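# turn this into a structure:
(2 chains)
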Amino acid sequence: MDLFGKTITDLQSLIKDKKVSPPEVWEYFAQRSKTLNQDINAYVTLLDKPNNTNLGELSGIPIAVKDNYCTEGVRTTASSKVLDDFVPPYESTVTSKLKFAGYELLGKTNMDAWAHGASTETSDYGLTKNPWNLDRYPGGSSGGSAAAVAAYMAPGAIGSDTGGSIRHPSAWCGIVGLKPTYGRVSRYGVIAMGSSFDCPGPMTQSVEDNAMLLQIMAGKDPYDATSSPVAVPDYRSEMKKKRKLKIGIAREYLKGVEPDIQTAFENMVEVIKKMGHEVVDVSLMSPEYSISVYTIAQRAEVSSNLGRYDGIRYANNRDFFGQEAKRRIMLGTYTLSHGYYDAFYKKAQKVRTLIKNNFKKTFEDANLIIGPNTPVTALKVGEFEKYPFFGELMDQLNEPASAAGIPAMSIPIGLDSRNLPIGMQIMGNYFDEASIFNLAYQIEQETKFFDVIKKGREKYK
Amino acid sequence: MPKTVDLSKEDVLHIAKLANLPISEKNIEKYQKDLSETISFVENLDELDISKTEASSHTTDLQNVFFEDGTKETRKFTQEQATQNAKNIKNGQFVVKRLM
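Numbering: from 1, shown residues only, chains lettered A, B, ... in the order given. Predicted structure coming up:
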């Protein structure tokens, strides 16, 4: 049985119908991951063998998990040498839920160290390469997870998104990635970065796989007080409803975006109109304010979260932090220090209220908002240095949804003139992942995402 | 972008001390430049009127979340688990610097 390119949903049916056995599926992905990892470096750790005895919906399905999820007995580094030999004594809620559903942990994927970055180049375990072009960045910080799915080393992966870390690499590697609403998925056991932003989420080849994984991951968790008690709908049935949606476009998000991305986006807008959806212009606050809010609040939270690494109870001491982590800790320390709190942190949290209200008001007039999610397609390795402000501008279109805490997904909408994937972002109202899945699924049915996902994995057949 | 904030070498050393971060002499200038650049960038928030705006510490408006301490023991570590990742252990306990 040729498993190449099968979605998780396909694999579930094949296993159920006994066309393929779980050990065969494991062997297939373990082998591919091992071989392809030599060129792509998507994983920090690969597992030798399956080790889950639970039976469930995901039985026999190997999944790659970003290396910032604590996995009991499996080394977890967050791609930083500080945690080089850290073996968690407990399991994160997300991976516990996946484990309960029967999944097999295939490996822990590479990322920017501590999830600080949009390239994976701040990883202490080497850069991950973009499967579309090995001279280019996969994006980040969940770059290893995105690359693993794009090159079909894994049928699906788990990432985490603080300021675009799922959506950005999903766009640059040409896959489907969702940042859920803040609090929709528990953060318990995810190595904390920006605690008021961090959102665990699925990265997949299809919308249905994405909805299925979120269904398993979502829900209130007593161990994360910020997880939400809002009821979790049945995403797959919501996804398949025949809905005509009202979709907003914010022109503010098209400013400074590469022409190829603009063209692909405008083309997509036409497709959406032809499908019978209503497209309206909406006005959002300039993303530049979100960058500032994000930068202040996230660095402050980083300085606090990384304060626990004292080398006493676990992990190496503070000498092991890389430059980017040090820079962020110092900025956060500065903005929280005596006399500066009001001028930075408090001001940022006030503007955050404005951003939230701006989205809330906009969603009174539209079900969803669409826009590009990166200003450029995958950059060449080394090019990040040319961009000022540590690549934060790469995430300028992703950070507004992060600052507001609303859900947003990246889907592939075509290729640019350099044969690199282009992503589009679909933003939804609080806890309305269902509408995002609905539109994304309709687009997938209509366009097959222009075969981007298929073309991406094809050279790794 | 215009740079309006200029951190001095002493500022950087002071922040590093507060953050308990070892930084090498040769990197100080780079940190000075990078941090000043970022702090200058975020000054764009001054363009907005927030005089009547409440601060948000959280995005989904949850309130009063309680957890009954001591009711769940499933997360309790054994002493061995709790210390398994430490570099310096004596008699099953963490070794720390002398305080007094």
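# the helix or strand containing A:Lys454: which residues count as buried?
Remark: A:Lys454 resides in helix A:452-458, with elements defined by DSSP states H and E. Buried residues in helix A:452-458, counted by 16 or more other Cβ atoms under 10 Å in any protein chain shown: A:Val452, A:Ile453, A:Lys455, A:Gly456, A:Arg457. The C-beta positions use only the backbone N, C-alpha and C, and glycine is treated the same way.
# now for the residue of chain B found nearest chain A: which residues touch it?
For chain B and chain A, the shortest gap (Cβ to the nearest Cβ) falls at B:Thr59, measuring 2.7 Å. Neighbouring residues of B:Thr59 by Cβ atoms under 8 Å, 6 or more residues apart in numbering or on different chains: A:Tyr182, A:Gly183, A:Ser196, A:Arg352, A:Lys356, A:Ala403, A:Ala404, A:Gly405, A:Ile406.
# please apply the same query to A:Glu324.
A:Asp112, A:Ala113, A:His116, A:Gly117, A:Thr122, A:Phe390.
# try it again at 10 Å.
A:Ser80, A:Asp112, A:Ala113, A:Trp114, A:His116, A:Gly117, A:Glu121, A:Thr122, A:Phe390, A:Gly391, B:Asp34 (Cβ atoms under 10 Å, 6 or more residues apart in numbering or on different chains).
# wouldn't the fifth one be in contact with A:Ser141 here?
Yes - between A:His116 and A:Ser141 there is a contact under Cβ atoms under 10 Å: 6.9 Å.
# which residues do the two both contact?
Common neighbours of A:His116 and A:Ser141 (Cβ under 10 Å, 6+ apart) are A:Ala78, A:Ser79, A:Thr122, A:Ser123, A:Thr162, A:Gly163, A:Ser165, A:Met193.
# quick check: the first one touching A:Asp124?
Yes - using Cβ under 10 Å, A:Ala78 and A:Asp124 qualify as a contacting pair, with a distance of 9.4 Å.
# quick one, which of these two is more surrounded?
Neighbours per residue (other Cβ atoms under 10 Å in any protein chain shown) separate A:Ala78 from A:Asp124, with A:Ala78 holding more: 29 against 21.
# tell me the pLDDT of the residue in the stretch 351-461 of chain A positioned nearest to chain B.
Minimum separation of the stretch 351-461 of chain A from chain B (Cβ to the nearest Cβ) falls at A:Gly405, amounting to 2.7 Å. Per-residue pLDDT puts A:Gly405 at 98.
# kindly report the same for A:Tyr235.
Turning to A:Tyr235, the model gives it a pLDDT of 98.
# over to A:Gly391?
66.
# pLDDT weak spots in chain B?
By pLDDT under 70, the low-scoring segments of chain B are B:1-3, B:70-72.
# where do the helices sit along it?
Ranges of helices within chain B are B:9-18, B:28-41, B:79-83, based on DSSP state H.
# as a markdown table, these with distance to chain A and mean neighbour count would be great.
A markdown table is the format used below for these (distance: least, Cβ to the nearest Cβ, whole Å; neighbours: other Cβ atoms under 10 Å in any protein chain shown):
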| stretch | distance to chain A | mean neighbour count |
| --- | --- | --- |
| helix B:9-18 | 5 | 16 |
| helix B:28-41 | 6 | 18 |
| helix B:79-83 | 4 | 13 |
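# looking at these, which is closest to A:Ala148?
helix B:79-83 (30.0 Å; Cβ to Cβ).
# hmm, back to that, packing partners for the helix holding A:Lys454?
For helix A:452-458, the helices and strands in contact under the criterion 3 or more Cβ pairs under 10 Å, 6 or more residues apart in numbering or on different chains; DSSP states H and E are helix A:143-150, helix A:167-173, strand A:408-415, strand A:421-428.
# ok, which of these comes nearest A:Val44?
Closest approach to A:Val44 among these (Cβ to Cβ): helix A:143-150, 7.3 Å.
# following the closest one, which helix or strand comes up?
In N-to-C order, the element after helix A:143-150 by DSSP H and E is strand A:156-161.
# so what are the sheet partners of that next one and their directions?
Here strand A:156-161 is paired, per DSSP bridges, with strand A:62-66 (parallel), strand A:199-204 (antiparallel).
# ok, for the residue nearest the centre of chain B, nearest residue in space, not its chain neighbours?
By Cα atoms, centre = their mean, chain B has its centre lying nearest to B:Ala19, at 7.6 Å. Setting aside the residues directly before and after it, B:Ala19 is nearest to A:Thr333 in space (Cβ to Cβ, 6 or more residues apart in numbering or on different chains), at 4.3 Å.
# and A:His116 and A:Ser141? Which one has more around it.
Each of A:His116 and A:Ser141 has its neighbours counted (other Cβ under 10 Å); A:Ser141 has more, 36 against 32.
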